[in-house]
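[1] need coordinates for the below:
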Amino acid sequence: MRENVIVDKSKAFALRIINLYRFLVSEKKEYILSKQILRSGTSIGANVKEAIRGQSKADFYAKMNIALKEASETEYWLELLGESGYIETAQFNSLYADCQELLRILMSITKSQKVIQMCDTE
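    Modelled structure (predicted):
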């Protein structure tokens with residue numbers, strides 16, 4: 001199977017988010033923000049994977065757009081965890097950089113899909 005950057009990076013990020021969740025629950029006894037970031041951070045890859053198997057270009061675009069929204073939400077939860085002191089600066093910086101990379105890739109994909117859809121309707 002050929003390599004797909006967004007699939008690979010979103011899955012690797014989801015695994016990091018799972019480890020963050022475990023840390024927050026076991027070490028920090030934090031249960032609310034940890035569940036939020038677990039849900040949104042793992043949803044990115046799930047929606048990307050679903051998009052890859054989409055039934056149409058519109059379906060692909062819709063799922064990638066959902067993945068983009070989930071990445072944006074994850075960015076927010078990371079900011080809260082960092083600014084509240086639940087995670088150390090180094091851990092925050094590393095996760096935040098990965099999230100930013102996913103956001104850039106997903107924005108690029110969704111923008112190019114908008115152009116394709118506009119061309120298809122002309």
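[2] regarding this structure, what is its longest helix?
    helix 89-121 (DSSP state H).
[3] which positions in that one come out as buried?
    By 16 or more other C-beta atoms under 10 Å, the buried positions in helix 89-121 come out as 91-92, 95-96, 98-99, 102-103, 105-106, 109-110, 113. C-beta: built from backbone N, CA, C; applies to glycine.
[4] min pLDDT across those residues, which one?
    On pLDDT alone, residue 113 ranks lowest of these, at 67.
[5] now name the helix or strand holding the closest residue to residue 107 other than its chain neighbours.
    Excluding the flanking residues, the one nearest residue 107 by C-beta to C-beta, 6 or more residues apart in numbering is residue 68, at 6.5 Å. Secondary structure from DSSP states H and E places residue 68 in helix 57-83.
[6] packing partners of that helix?
    Applying 3 or more C-beta pairs under 8 Å, 6 or more residues apart in numbering; DSSP states H and E, one finds that helix 57-83 contacts helix 5-26, helix 32-52, helix 89-121.
[7] list just the one of these that sits closest to residue 58.
    helix 89-121 (7.3 Å; C-beta to C-beta).
[8] contacting residues around the nearest residue to residue 59 once chain neighbours are set aside?
    Using C-beta to C-beta, 6+ apart and skipping the chain neighbours, the partner closest in space to residue 59 is residue 51 (7.5 Å). Residue 51 makes contact with 59, 60, 61, 62, 63, 64, 67, according to C-beta atoms under 8 Å, 6 or more residues apart in numbering.
[9] can you add distance to residue 16, neighbour count and pLDDT and give those residues back as TSV?
    As requested, the contacts of residue 51 are exported to TSV (distance: C-beta to C-beta, whole Å; neighbours: other C-beta atoms under 10 Å; pLDDT from 0 to 100):
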residue	distance to residue 16	neighbour count	pLDDT
59	28	13	93
60	25	19	93
61	27	19	93
62	26	17	94
63	22	19	96
64	21	24	96
67	16	27	98
